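Asker: pasting the structure only:
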Ligand SMILES: Nc1nc2c(ncn2[C@@H]2O[C@H](COP(=O)(O)OP(=O)(O)OP(=O)(O)O)[C@@H](O)[C@H]2O)c(=O)[nH]1
């Protein structure tokens, strides 16, 4: 049996594997969020070139899940290659910097790029306003972020990679949503299989095998 993206279904004790891409303009804190989440660290990082890759196994109740985190470069010069990293993504973290209105508008453009690559509902998208520790320089209000997210049916959270505020919570919310969707899909597949078995029951067989 395959996962939503065509990967084999995990066996017993094996975690579900989900690909998550971090998108957003340069310097909004994508790498810092990934570093904080995966290594609980915050340090000055050079701008990403191309893409960086992290993995993290998450335990959610009785289920475990493995995130493959693709941290894309936000600088304009890499924009044209970024869509290559979208392929096979199950989730996207659309990051902007709350002290930069421009980065908020760019996040909205990234969403359009995603919509060109995926069918509606195919990926779980969370809008993230990062750098809440710089609230005195805030250019995007919490309400603006929330309203935009709601208008596009996105998850929404504000974070600070520096202060480790809401970082794990943001990734966990995505993990929960991904698992719920995977469970719904498995349930549908099981019910589809059961219907098929019913159609192939004794009556059906009698018909097909009658001479
Ligand atoms: N104050 C504050 N600074 C942050 C936060 N997150 C990241 N930064 C700083 O913002 C700058 C850019 O962070 P990065 O994580 O490299 O940003 P990026 O989005 O990965 O940048 P690119 O690799 O160019 O796409 C760095 O100086 C970080 O230290 C935060 O939550 N608060």
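Answerer: Sure, I can see it. Bear in mind the structure is a predicted one, so any value in this text is a computation, not a measurement. Numbering: from 1, shown residues only.
Asker: all contacts plus neighbour counts: C-alpha atoms, from now on.
Answerer: OK.
Asker: Next, work out how far apart residue 30 and residue 74 are.
Answerer: 8 Å (Cα to Cα, to the nearest Å).
Asker: Now for those two: what residues contact both?
Answerer: Common contacts of residue 30 and residue 74 (Cα atoms under 8 Å, 6 or more residues apart in numbering): 23-24.
Asker: residues in the protein within reach of the ligand, list them.
Answerer: Within the chain, the positions adjacent to the ligand are 25-32, 44-48, 73-75, 130-131, 133-134, 160-162 by Cα under 6 Å from any ligand atom.
Asker: Okay, and which of those residues map to helices?
Answerer: Those of these mapping onto helices are 30-32, per DSSP state H.
Asker: can you give me how far the longest helix seen in the chain is from the chain middle?
Answerer: In the chain, taking DSSP H as the definition, the longest helix is helix 167-199. Remark: helix 167-199 is offset 15 Å from the chain centroid, using Cα atoms, centre = their mean, to the nearest Å.
Asker: Repeat that for stretch 92-109.
Answerer: Distance, centroid of stretch 92-109 to centroid of chain: 16 Å (Cα atoms, centre = their mean).
Asker: Can you get me a residue count around the closest residue to residue 155 other than its chain neighbours?
Answerer: Nearest residue to residue 155, sequence neighbours excluded (Cα to Cα, 6 or more residues apart in numbering): residue 126, at 4.4 Å. Residue 126 has 22 neighbouring residues, counting by other Cα atoms under 10 Å.
Asker: What of residue 73?
Answerer: 25.
Asker: what sits against the nearest residue to it once chain neighbours are set aside?
Answerer: Spatially, and ignoring its direct neighbours in sequence, residue 73 is nearest to residue 48 (4.8 Å; Cα to Cα, 6+ apart). Residues near residue 48 by Cα under 8 Å, 6+ apart: 31, 71-74.
Asker: Which of those sits closest to residue 170?
Answerer: When those are compared for distance to residue 170 (Cα to Cα), residue 31 comes out closest, at 14.7 Å.
Asker: ok, now how distant is the closest residue in space to the closest one that isn't next to it in sequence from residue 19?
Answerer: Nearest residue to residue 31, sequence neighbours excluded (Cα to Cα, 6+ apart): residue 71, at 6.3 Å. Distance, residue 71 to residue 19, using Cα to Cα: 11 Å.
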